[in-house]
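[1] coords below, sequence missing:
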DNA sequence: TGTGATGTTGAATG
DNA sequence: GCATTCAACATCAC
């Protein structure tokens, strides 16, 4: 579930669970998601370190350590965090866990193993290296227009492009297109400045709403998002059009044909 | 049993 | 070189 608002929620959880904690040990069950260090080296690098804070940018969460290095947590499709004390409470799909000096354990769960966990000496350099764009909440209208005006790509594809803006994923991209009544497969170069401005406005609004009010995607109001119209064939708002499912930018896409143009 | 899933990447293509 | 698309990744749940 992790798009920007969900990762924001992970940050809140992580901060409460881990900030100020000293790592007394690390258990690695499966090092597939550890992308730049093998399990034992990963454990060595973290053991003895204290977590001093965190930074979220888009879907990336950087945990800062007391040696100025960082632990990157990217949750992939199915990453999750769980703080517990008893081993019996460990999640079935925990891939590694940080044990804290106070007796708690923070487990990183990931059934599908698409998460990416990296030990970074310099998180700023890493952000540059992967060309991660500004957080969607901080994206200025100017930067957005500069990045997308005249582009031939679909608007949904651009919304999902993390080097333009960081944090929008498949579900929210559909929501943003729906709200602006723009067809997700519309080419950016065919959209007016007003339409592109609308996209920017709604992107920021949706992300802001998500981070401020709805920590978990199922908790959004019932008249929002997937709750209402993520169902093929359903009549659109005001009885206009009907929901279609297609592929845009390689992702399953829901939109209301006849409502979005 | 087959299918699809909230993400990213790197190869292939235009 | 740049922009874009798409298969691949690994596993589970329906």
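    Happy to help now that I have it. Just so you know, these numbers come straight off a predicted model, no measurement behind them.
[2] for the stretch 151-261 of chain A, give me the ranges with low pLDDT.
    Scanning the stretch 151-261 of chain A for pLDDT under 70 picks out the ranges A:214-219, A:223-229.
[3] residues from chain A in reach of DNA strand B?
    Within chain A, the residues that sit near DNA strand B (C-beta under 7 Å from any atom of the strand) are A:1-3, A:6, A:58-60, A:74, A:76-77, A:112, A:114, A:116, A:130, A:160, A:162, A:169-171, A:217, A:250-252. Where C-beta positions appear, they are placed from N, C-alpha and C, glycine not excepted.
[4] just the strands in the stretch 101-250 of chain A please.
    For the stretch 101-250 of chain A, the strands defined by DSSP state E, counting those that start in this stretch cover A:105-109, A:116-120, A:242-248.
[5] about what we covered before: list only buried entries from the residues of chain A next to DNA strand B.
    A:1-3, A:6, A:58-60, A:74, A:76, A:116, A:160, A:162, A:169-171, A:217, A:251 (16 or more other C-beta atoms under 10 Å).
[6] out of these, which sit inside helices?
    A:6, A:160, A:170-171 (DSSP state H).
[7] and the residues you listed as a markdown table, adding distance to DNA strand C?
    Shown next, in a markdown table, are these (distance: C-beta to the nearest atom of the strand, whole Å):
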| residue | distance to DNA strand C |
| --- | --- |
| A:6 | 18 |
| A:160 | 9 |
| A:170 | 12 |
| A:171 | 16 |
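[8] farthest-separated two in those residues?
    Across those, the longest distance by C-beta to C-beta is 15.5 Å; it joins A:6 and A:160.
[9] any idea how far residue A:200 is from residue A:220?
    Residue A:220 is 21 Å from residue A:200, where distance means C-beta to C-beta, to the nearest Å.
[10] between those two, who's got more neighbours?
    Remark: of residue A:220 and residue A:200, residue A:200 carries more neighbours, 22 against 19, as counted by other C-beta atoms under 10 Å.
[11] closest to residue A:51 among the ones in helices among the buried ones among the residues of chain A next to DNA strand B?
    residue A:6 (20.6 Å).
[12] and the pLDDT at the closest one?
    Looking at residue A:6, its pLDDT is 91.
[13] next one: the one 4 residues further on
    You'll see residue A:10 listed with a pLDDT of 94.
[14] now for the helix or strand harbouring it, which elements pack on it?
    Assigned by DSSP states H and E, residue A:10 belongs to helix A:4-18. Packing partners of helix A:4-18 (3 or more C-beta pairs under 8 Å, 6 or more residues apart in numbering; DSSP states H and E): strand A:51-57, strand A:60-65, strand A:80-84, strand A:105-109, helix A:193-213.
[15] adding distance to residue A:183, write these out as TSV.
    Shown next, in TSV, are those (distance: least, C-beta to C-beta, whole Å):
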stretch	distance to residue A:183
strand A:51-57	29
strand A:60-65	30
strand A:80-84	34
strand A:105-109	37
helix A:193-213	10
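[16] out of these, flag the one nearest residue A:121.
    Among the helices and strands packed on helix A:4-18, strand A:60-65 sits nearest to residue A:121 (C-beta to C-beta), with 10.1 Å.
[17] what pairs with the closest one, parallel or antiparallel?
    Here strand A:60-65 has these sheet partners by DSSP bridges: strand A:51-57 (antiparallel), strand A:70-74 (antiparallel).
[18] pLDDT averaged over it - what is it?
    96.
[19] same thing with stretch A:101-117?
    Stretch A:101-117 shows a mean pLDDT of 95.
[20] show me how far it is from its chain's centre.
    From the chain centre to the centre of stretch A:101-117 is a distance of 16 Å (C-alpha atoms, centre = their mean, to the nearest Å).
[21] just the buried residues of that stretch, please?
    The neighbour-count check on stretch A:101-117 (16+ other C-beta under 10 Å) flags A:105-111, A:115-117 as buried.
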